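In: could you look at this predicted model? Sequence included:
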Amino acid sequence: MSEAIVMMEGIEKSFPGVHALNQCRFNLYPGEIHALVGENGAGKSTLMKVLAGVYKKDAGSILYKGSEVEIPTPRAALHSGISMIHQELNLMPHLTVAQNIFIGREPRRTLPFILDEKEINAKTDQLFAMMHLKLDASTKVADLTVAKQQMVEIAKALSFESEVLIMDEPTAALTETETEELFRIIRHLRDQGVGVVYISHRLEELKQISDRVTVMRDGRYIDTVSTQEVEINRIISMMVGRTIYEAAPELPESPNPEVVLEVKNLNRGNQLKDINFSLKKGEILGFAGLIGAGRTEVARAIFGADPIDSGDIYVSGKKVRIKTPRDAVRHGIGYLSEDRKRYGLTLKMNVENNIVLASFEKFLGMLGWVNNTRTRQTAEHHIRALSIKTPSLQQIIRNLSGGNQQKVVIGKWLTADTDILIFDEPTRGIDVGAKSEIYRLLNDLAKQGKSIIMISSELPEILRMSHRVIVMCEGRITGELDIAEATQEAIMKYATQRSVIVRTNESNHLSSEIGAV
Amino acid sequence: MEIELAQKKSLLRTNAAQKLLAFGALIVLFIAFSLASPNFFSFSNIVGILLATAVNGLLALGVTFVIISGGIDLSVGTMMTFSAVMAGVAVTFWGLPVPLGILAALAAGGLAGMVNGLVISKMKVPPFIATLGTYYATKGLSLVISGLKPIYFNDAPTFRDIALGSVVNNVIPGFVVPNAVLILFGAAIIAGLILSKTVLGRYTFAIGSNEEATRLSGVNVDLWKTAVYTLCGVFSGLAGIVIASRINSAQPALGGGYELDAIAAAVIGGTSLSGGEGTILGTIIGAFVISTLTNGLRILSVPQEWQMVVTGAIVVLTVYMDILRRRQQ
């Protein structure tokens, strides 16, 4: 192999109260895809942000193309050929695709302050042509899907003639097909000699895409191994430093026939068409499908968060009218949003208040005073029962890890006495160790007789957790599978029954000019 | 197919529709007032409306930039007064020629705006607080410098002509459109070009759309934010010259309340207070909606107190219509 393009040695970085990077090292060769893995908070993103000029290192050295460099700003990194695509996509939604790609280095007309819009549109069209992507350069980014926004970010990196491309969890919000499309482009870049750093939580992807894997834990470098020669389980144990819960759900001996929720002929605009399904007591019902298939819309419609055009909902055999989330909660339905931070929690309030938030009226004494003793007892009970790791009840939610935040949301709905829980992407953004805890919790809840709808874009998660799987595509239910007959292939077949993929040519027919833009 | 759809959607979602809405409101007001009173639709009254729009319109131009960048400026009214006072100091106290007085006002406004920008970008003070600080500071400074008394421009008779003279009348006799109106339209065209064609305009949208992403793209966000507030200050300075010229004096106690009219004009014209969206044409239409309303209600002898109530209702109503329109999509 040729000489390393990036060598990082002894990198140190501290934030107030946190030693984020402790003697970290990392090296990258041109023409390799190097995966960087570790639990949340392991320091992967921080290390790469040091390389991309977002953070300044406290100590250590970075060798880039053989000579020691300082990378003071993202701009400096970009212009020396290091691009980073951040986890939260960094685009300006109000600007067009082309304006986003050329932000900060707009070609000018003869007058130095006047922009040349035609030029950037033409250049963007060229870029897309080389990526074999069909996208209009003058579309506003806000109108694109997440996957296409990702492609815009990649096009932007390409336009810098980047030699190092860092991708932080690029597939977190992508469907399987979109992921394939992304891999195709990443592999092509590798073949052009670009060094790609690939940060991911989805370990099953590593075998598919990466050449080497570096594992980090608690801000330290653990090891770098060749992907071909390592078992995924060994990577996991390096990441967590402990064995993790892997058991499949124990299916009930004889399925409890009692139906707790039934949805009949639910319609909502062109988002939901003729939705029919039922949920049994103590069942975990998986909702699979591509992003945008309408799974979240089903959940929101049942929960009363969005109005429906027609259809009936029966709870425990009785027809109910759910017009607002308040109605849903009264009928014992709780919804745990995929976006915990926006819809599930009040981030600036403490653990205790978040747990009792959905059921405050239960804790009101005379004259509307809140009975603090009882709220404290309830919160303490759930912290023990769900083993929420928090220094105190007064801890501000924002300071908890993703997994513990998710548990607080669960505690909130348990406090509200909900028997039907809808989990939307319950483990999104949660690290491997905490994921298995959430899985165990879901199983325990089902055993206690709670009924669970679990929306998930991760097929292994669906297959591992569900008793039954419903598959959606473009607002319709296209398949229902018993777990015994469910396989990834079967689910994907139903999930793509009417799929439209924006692509001009076959995947393997990429021209070789990308590097030359 | 999908792309075409996306384009159609974005067309609808842009503020073109809001502009139409504001423009529609303006037309409706014109028709209603014309029917209600024969005095409304006359040349002299239309010119009156145009003249009355000049000051608020100029302030609203600057505010539009600030709001698109995701900020807010509460100090435009008092920066305007401060600039007028500085023009008075230059022309009346020091006896400098009028062009230097104009320059003094623009510089004073630009300087105050730059202070806003630096406090916001470098000291990370939220725009609401930073510009509230400047609101008080420029208000106080105007009073201190002027010694609490109005500064009259009686020694420089040409000063009055800046706003109230009519270049148009010289070209087309009988067509007496005051210069203030020309200044407004000229400034609006320049502002529109800056916003749509220059780097400053592009970064104004980018920062308002996603500030962190703009920073990570290698744009010097602090610098461009400061530029946006400075530009807003310069427009306030221009408004200061126009208002001082109109009343032939710099009134140090004036200025409070103008900032809200300016914000209202921008918002009626479709500028989104959450940043990233807005147009100059919309803002100008918004400014005209406000002054037409005031003018028409006055002609109909509606008391001033009630004019305010109606203006308030219109501001909320137009924004509510916009929210309804967005919700439909």
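Out: On my side now, so go ahead. Residues are numbered from 1 along each chain as shown, chains lettered A, B, ... in the order given.

In: C-alpha only now, for contacts and for neighbours.
Out: Will do.

In: in the stretch 1-150 of chain B, which spans are strands?
Out: Using DSSP state E, counting those that start in this stretch, no strands are found in the stretch 1-150 of chain B.

In: how about low-confidence regions in it?
Out: Along the stretch 1-150 of chain B, the model assigns pLDDT under 70 to residues B:1-19.

In: apply 50 and report the result again.
Out: Along the stretch 1-150 of chain B, the parts satisfying pLDDT under 50 run over B:1-14.

In: what residues does chain A have near chain B?
Out: Counting by Cα under 8 Å from any Cα of the partner chain, chain A comes close to chain B at A:54, A:73-76, A:78, A:90-95, A:103-104, A:106, A:113-115, A:135-136, A:139-140, A:143-144.

In: how far away is whichever residue of chain A sits closest to chain B from residue B:107?
Out: Proximity of chain A to chain B (Cα to the nearest Cα) peaks at residue A:75, 4.1 Å away. Using Cα to Cα, to the nearest Å, residue A:75 is found at 32 Å from residue B:107.

In: ok, now residue A:456?
Out: Distance from residue A:456 to residue B:107, by Cα to Cα: 59 Å.

In: these two: who's more crowded?
Out: Applying other Cα atoms under 10 Å in any protein chain shown to residue A:456 and residue B:107 shows that residue A:456 carries more neighbours, namely 24 against 20.

In: for that one, give me its contacts.
Out: A:286-289, A:424-426, A:462 (Cα atoms under 8 Å, 6 or more residues apart in numbering or on different chains).

In: in the stretch 351-500 of chain A, what residue spans correspond to helices?
Out: A:351-356, A:372-385, A:402-415, A:432-447, A:459-465, A:488-495 (DSSP state H, counting those that start in this stretch).

In: which helices and strands does the second one pack with?
Out: When contacts are defined as 3 or more Cα pairs under 8 Å, 6 or more residues apart in numbering or on different chains; DSSP states H and E, helix A:372-385 sits against helix A:351-356, helix A:402-415.

In: centre of the chain versus the strand or helix carrying the residue of chain A closest to chain B, how much separation?
Out: Using DSSP states H and E, residue A:75 falls within helix A:74-79. Counting by Cα atoms, centre = their mean, to the nearest Å, helix A:74-79 is centred 27 Å from the centre of its parent chain.

In: give me the contact list for it.
Out: For helix A:74-79, the external contacting residues (Cα under 8 Å, 6+ apart) are A:51-54, A:71, A:83, A:160, A:162, B:216-219.

In: do the same with stretch B:115-130
Out: With Cα under 8 Å, 6+ apart as the test, stretch B:115-130 has contacts from B:71-74, B:131, B:134, B:221-223, B:225-230.

In: in helices only, show me these.
Out: With helices defined by DSSP state H, the entries of the contacts of stretch B:115-130 inside them are B:131, B:134, B:221-223, B:225-230.

In: among the helices of the stretch 351-500 of chain A, which is nearest residue A:324?
Out: Nearest of these to residue A:324, taken as Cα to Cα: helix A:402-415 at 16.2 Å.

In: and the closest one with helix A:372-385, angle?
Out: With axes from the mean of the first three to the mean of the last three Cα atoms, to 10 degrees defining the directions, helix A:402-415 sits at 130 degrees from helix A:372-385.

In: which strands or helices does helix A:402-415 pack on?
Out: For helix A:402-415, the packing partners by 3+ Cα pairs under 8 Å, 6+ apart are strand A:333-336, helix A:351-356, helix A:372-385, helix A:432-447.

In: deepest of the helices of the stretch 351-500 of chain A, which one?
Out: Of all the helices of the stretch 351-500 of chain A, helix A:351-356 carries the top mean neighbour count, a mean of 26, counting by mean count of other Cα atoms under 10 Å in any protein chain shown.

In: quick one: average confidence on the helix holding residue A:75?
Out: In this model, helix A:74-79 has an average pLDDT of 87.

In: also stretch A:373-393?
Out: The predicted model assigns stretch A:373-393 a mean pLDDT of 86.

In: other residues contacting that stretch?
Out: A:350-353, A:355-356, A:363, A:400, A:404, A:407-408, A:411, A:415, A:441.

In: hmm, try it at 6 Å
Out: A:351-352, A:404, A:411 (Cα atoms under 6 Å, 6 or more residues apart in numbering or on different chains).

In: any chance of TSV for these, columns pLDDT?
Out: As requested, the contacts of stretch A:373-393 are arranged in TSV below (pLDDT from 0 to 100):
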residue	pLDDT
A:351	87
A:352	88
A:404	84
A:411	88
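
In: ok, which pair from those is furthest apart?
Out: A:352 and A:404 (13.1 Å).

In: now do stretch B:300-311: distance to the chain's middle.
Out: The mean C-alpha position of stretch B:300-311 is separated from the chain mean by 22 Å, Cα atoms, centre = their mean.

In: report the rounded mean pLDDT for that stretch.
Out: Rounded mean pLDDT across stretch B:300-311 is 88.

In: can you tell me how far whichever residue of chain B sits closest to chain A sits from residue A:111?
Out: Closest residue of chain B to chain A, Cα to the nearest Cα: residue B:218 (4.1 Å). According to Cα to Cα, residue B:218 stands 22 Å off from residue A:111.
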